[in-house]
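Enquirer: got a sequence here, can you model it:
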Amino acid sequence: QVQLVESGGGLVQPGGSLRLSCVASGLTFSLYAMGWFRQGPGKEREFVATIDPTHNLTYYTNSVKGRFTISRDNAKNTVYLQMNSLKPEDTAIYYCGANYRYMSRTEGEYDYWGQGTQVIVSS
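Expert: Reported below is the predicted structural model:
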């Protein structure tokens, strides 16, 4: 059974940092591109970042470029999202997803999802 488990969310002041983690089990992690999406209050789930299975190619939505960094450790079956210079508009539930073989910005193309971790950016 495939499981993705996110952690690392919490309350942070504007300008602060958080690192989210997503640990995968039940799949061959190195065959899956991984992505982070988020859903803010009253909003649709939106793409944040993705990383390819092994070459560490990455892609970000414009609003987080230069502030967020996605990375992965295939030996630990873990994908990370380092979030710096956080803004109140980054407040959301953050989800990681696994996509067999290719990077995607499209939610429907992901095969598996975690339950999410809450990030609140507020003073």
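Enquirer: now the strands for the chain?
Expert: Ranges of strands in the chain, per DSSP state E, are 3-7, 10-12, 18-25, 32-39, 45-51, 58-60, 68-73, 78-83, 92-100, 112-113, 117-121.
Enquirer: could you say which of those is packed most deeply?
Expert: The highest mean neighbour count among the strands of the chain, using mean count of other CB atoms under 10 Å, belongs to strand 32-39: a mean of 24. (Glycine included, C-beta is placed from N, CA and C.)
Enquirer: run me through the strand neighbours of that one, direction for each.
Expert: Partners of strand 32-39 in the sheet, by DSSP bridges, are strand 45-51 (antiparallel), strand 92-100 (antiparallel).
Enquirer: in CSV: these, plus mean pLDDT and distance to residue 21.
Expert: Listed next are those as CSV, based on pLDDT from 0 to 100; distance: least, CB to CB, whole Å:
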stretch, mean pLDDT, distance to residue 21
strand 45-51, 97, 14
strand 92-100, 98, 9
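Enquirer: redo these as JSON lines? Include distance to residue 58.
Expert: As requested, the strands paired with strand 32-39 are arranged in JSON lines below (distance: least, CB to CB, whole Å):
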{"stretch": "strand 45-51", "distance to residue 58": "5"}
{"stretch": "strand 92-100", "distance to residue 58": "14"}
